[in-house]
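>>> coordinates for the following, if possible.
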Amino acid sequence: MGRARLLRIPATAFCVGLGIVLAWWAVTSMGQPDVAAYDAAAARLRAGEPLYAPGSMNVADVYRYAPWFAALWSVIGSRLLLLVTSLAAVAYVAWRARRAWPVNVLLIGALLGSVSDGNVQPFLVASLVWSRDRWTGPAWAAIAASIKAVPAAFALVYLGRRQWRRFALFAVVGALAVAPMLAYDLAAYPTDAGERTILWGTPLYLPVVAAGIVGTLVVARTRYAWLAAAALAIVALPRFWPYDLSWLLVALVPADVPRVVPAAAPVADRDASSPAPMTSVP
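Sure thing, here's the model as predicted:
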């Protein structure tokens, strides 16, 4: 048995074991505390009160997202609907990341923790996984960034690849999503990271994030582009929860491969014994 295989055994055991523990914790502690923030924000929005109320960063009911989410929640907000659709989002991501064994077990277990908390993380990860290789990817990244700022790291891949139109789409959609925040009093917007910070508030935060930005731009044309962006999204977080590791799932899913179908052509222009030429379609 080779050394690499010997190292793979404990690594697999660690990922699978910790993933199961995280999943079990998510199932046994299902309480959806983050929904309180959505309910309170929707209530303040309907009552015409300040959307961003003061509060401790360690309290789950502090609202930090763009106004559009509070408006949407005021219309369709439901704990049961959130639970069912979150589980569906996790199932989709798990299916897409099924080849990333055994790391996928750990990350899916972590993502289930956000379902337990009633957080919107499953939708953000699922939308990025679904759209990453589509032309709508920048728009979905912008929407995710309007809820949690760190998905903006994925837009650096477009910038590093000089995909100007894609980056412009991200910028435009992002501006439209967050601009309504200016209509509200931001004096009470919570910026303190509380007790669950990694680097936020330390002298290392800006140098590490700056290095992550440069690194993502440098490797943007390589296969490590999305992994670098996901790592940057994690280290740039003001507050860290285990489910934040699920940003890595955006990088671990395989690229969408276009389907290949026979191209249509007049029979008279092609020898009957020759096969139809192949072309790719989105």
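>>> what segments of the stretch 51-200 of the chain are helices?
67-76, 79-96, 103-117, 121-131, 137-147, 155-160, 164-178 (DSSP state H, counting those that start in this stretch).
>>> quick check: angle from the third one to helix 79-96?
Yep, that's helix 103-117 we're talking about. 170 degrees (axes from the mean of the first three to the mean of the last three Cα atoms, to 10 degrees).
>>> what angle do helix 103-117 and helix 121-131 make?
140 degrees.
>>> and what of the last one?
Interaxial angle of helix 164-178 relative to helix 121-131 (the same axes, to 10 degrees): 160 degrees.
>>> for the remainder of this discussion, apply numbering that starts at 13.
Sure, I'll start numbering at 13, so the last one becomes helix 176-190.
>>> next, format the helices of the stretch 63-212 of the chain as JSON lines and append mean neighbour count, distance to residue 231 and mean pLDDT.
For every residue, glycine as well, the C-beta is placed using N, CA and C. Output for the helices of the stretch 63-212 of the chain, formatted as JSON lines (neighbours: other Cβ atoms under 10 Å; distance: least, Cβ to Cβ, whole Å; pLDDT from 0 to 100):
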{"stretch": "helix 79-88", "mean neighbour count": "16", "distance to residue 231": "32", "mean pLDDT": "90"}
{"stretch": "helix 91-108", "mean neighbour count": "16", "distance to residue 231": "22", "mean pLDDT": "86"}
{"stretch": "helix 115-129", "mean neighbour count": "24", "distance to residue 231": "19", "mean pLDDT": "77"}
{"stretch": "helix 133-143", "mean neighbour count": "23", "distance to residue 231": "18", "mean pLDDT": "93"}
{"stretch": "helix 149-159", "mean neighbour count": "23", "distance to residue 231": "18", "mean pLDDT": "95"}
{"stretch": "helix 167-172", "mean neighbour count": "22", "distance to residue 231": "8", "mean pLDDT": "96"}
{"stretch": "helix 176-190", "mean neighbour count": "17", "distance to residue 231": "17", "mean pLDDT": "95"}
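>>> okay, those helices in TSV with distance to residue 217 next?
Shown next, in TSV, are the helices of the stretch 63-212 of the chain (distance: least, Cβ to Cβ, whole Å):
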stretch	distance to residue 217
helix 79-88	26
helix 91-108	29
helix 115-129	23
helix 133-143	22
helix 149-159	19
helix 167-172	17
helix 176-190	22
